[in-house]
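Enquirer: Any chance you could fold what I've pasted below:
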Amino acid sequence: MSIDFTFGGRLKVPLIVSPMFLVSNPPLALACCSRGVMGSFPAHSTRNRDVFANWLEDMERGLAEMEAPAPFAVNLVVHPTNERYPGDLELCIQHRVPVILTSKGAPDDVFKRIHDYGGVAFHDIASARHAEKAAEAGADALIAVCAGAGGHTGTINPFALLNEVRQVTDKPIILAGGMSTGQDILAAQAMGASACYFGTRFIATRECLSDDATRDMMVAATAKDIFFSAALDGAPANWLRPSLIQEGLDPDEIAAYTPGQRVQNQAARARYSKIKSAGQGVGMIESVESAADLCDRIIDEYNRSKRAFANNLLRTTA
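Expert: The predicted structure follows:
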């Protein structure tokens, strides 16, 4: 299937605001969609299936009030360990969610069911082998999660990962990890990506589920405040160093842990609720603002960068 990453002209910039656990919600997604950027949220951020159904209904009502909004997306963890996913998938099919962002497994039957109602499926990958399996199973595009992404993250440099993925498939690639500006989107396209995933940049927006203390922490942080470790839950992830310290954890001590060693259970349970995740692009958050204003600025940055890049090419090739 060929993907139109303008979605019929409804996307003003090839950007998906990523589904952030306990952060993304319908108000954030709707604000982004209203400005021509694809908003999203994870199904597993909701307490139960009824709440998830309410969120989908909120999206339908909100989008119906807009003129030509961007489509929205829902993240589904399509792995047997997620007991909710069959029911959550049924709700997505019932509501004909236009884009499903799948992760933690690539079952071909899920992709087929999404395609049956006219939806498209973009699947998380962090290696060429992941990409090969997802492409074979029928994913429409691959979300290349590279080093620098917030939360559970890949570990491979984006140049290296894109090049390796291109050796195994020609599926469209959505680049994720450490990006936060319109210039970054253009750079990703120059590398061969079709679109980008931004998460961290939107954590300090007013519409998201972050509290004021978290927003302030994001505004104050820079890339040096990002701490990479698998010690909290066994999976490689990027965490915000000040939030670790705030919960009584010593990042330097954790950095010395042997492979497989975990922090104490109490601290592990605090992940995401008290210990905050962020990506290396956090330094570009300068203030708390509305998601709509942020989307407008990113679109303007992207358009200005395209013009500047085109002019530079003309000068260097003249």
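Enquirer: Please look at residue 278 and residue 200 and confirm they touch.
Expert: Yes - if you go by C-beta atoms under 8 Å, residue 278 and residue 200 touch, sitting 4.9 Å apart. Every residue, glycine included, has its C-beta placed from N, CA and C.
Enquirer: what do these two both touch?
Expert: 150, 218 (C-beta atoms under 8 Å, 6 or more residues apart in numbering).
Enquirer: Which stretches in this protein count as helices?
Expert: 26-34, 49-64, 85-94, 108-116, 128-137, 158-168, 182-191, 212-220, 241-246, 251-255, 265-269, 291-317 (DSSP state H).
Enquirer: hey, which of those helices is tucked in deepest?
Expert: helix 26-34 (a mean of 24; mean count of other C-beta atoms under 10 Å).
Enquirer: Measure how far it is from the centre of its chain, please.
Expert: 14 Å (C-alpha atoms, centre = their mean, to the nearest Å).
Enquirer: List of residues touching it?
Expert: Taking C-beta under 8 Å, 6+ apart as the rule, helix 26-34 contacts 17, 38-41, 55, 58-59, 62-63, 66, 69-72, 202, 205, 207-209, 290-292, 295.
Enquirer: Apply 6 Å and report the result again.
Expert: Helix 26-34 is contacted by residues 17, 39-41, 55, 58-59, 62, 66, 69-70, 72, 207-208, 291-292, 295 when judged by C-beta atoms under 6 Å, 6 or more residues apart in numbering.
Enquirer: Ok, stretch 161-171 next?
Expert: Residues contacting stretch 161-171 (C-beta under 6 Å, 6+ apart): 128, 131-132, 135, 141-142, 144, 146, 191-192.
Enquirer: hmm, 10 Å instead?
Expert: Residues from elsewhere that reach stretch 161-171, judged by C-beta atoms under 10 Å, 6 or more residues apart in numbering: 1, 3, 122-123, 125-136, 139-142, 144-147, 154-157, 173, 175, 177, 188, 191-194.
Enquirer: about what we covered before: and residue 12, which of the helices of the chain is closest to it?
Expert: Each of these was scored for nearness to residue 12 using C-beta to C-beta, and the closest is helix 291-317 (5.2 Å).
Enquirer: how far away is residue 188 from residue 101?
Expert: 17 Å (C-beta to C-beta, to the nearest Å).
Enquirer: try residue 272
Expert: From residue 272 to residue 101 the distance is 18 Å (C-beta to C-beta).
Enquirer: now do residue 74
Expert: Taken as C-beta to C-beta, the span from residue 74 to residue 101 is 7 Å.
Enquirer: Between the two, which contacts overlap?
Expert: Taking C-beta under 10 Å, 6+ apart as the criterion, residue 74 and residue 101 both touch 19, 40-43.
Enquirer: how is the chain carved up into domains?
Expert: The domain map for the chain lists 15-209+285-313, 222-269, with the assignment taken from automatic domain parsing.
Enquirer: Where among those is average confidence lowest?
Expert: With a mean of 90, domain 222-269 has the lowest mean pLDDT of the domains of the chain.
Enquirer: ends of that domain, how far apart?
Expert: This stretch, domain 222-269, spans 25 Å end to end (C-alpha to C-alpha, to the nearest Å).
Enquirer: Centre of the chain to it, how far?
Expert: Counting by C-alpha atoms, centre = their mean, domain 222-269 comes out at 21 Å from the chain centroid.
Enquirer: cool, and stretch 148-168?
Expert: Per C-alpha atoms, centre = their mean, the centroid offset for stretch 148-168 relative to its chain is 14 Å.
Enquirer: Let's see the distance spanning it from one end to the other.
Expert: With C-alpha to C-alpha as the measure, the first residue of stretch 148-168 is 23 Å from its last.
Enquirer: Next: stretch 179-195.
Expert: Length of stretch 179-195, first residue to last, C-alpha to C-alpha: 12 Å.
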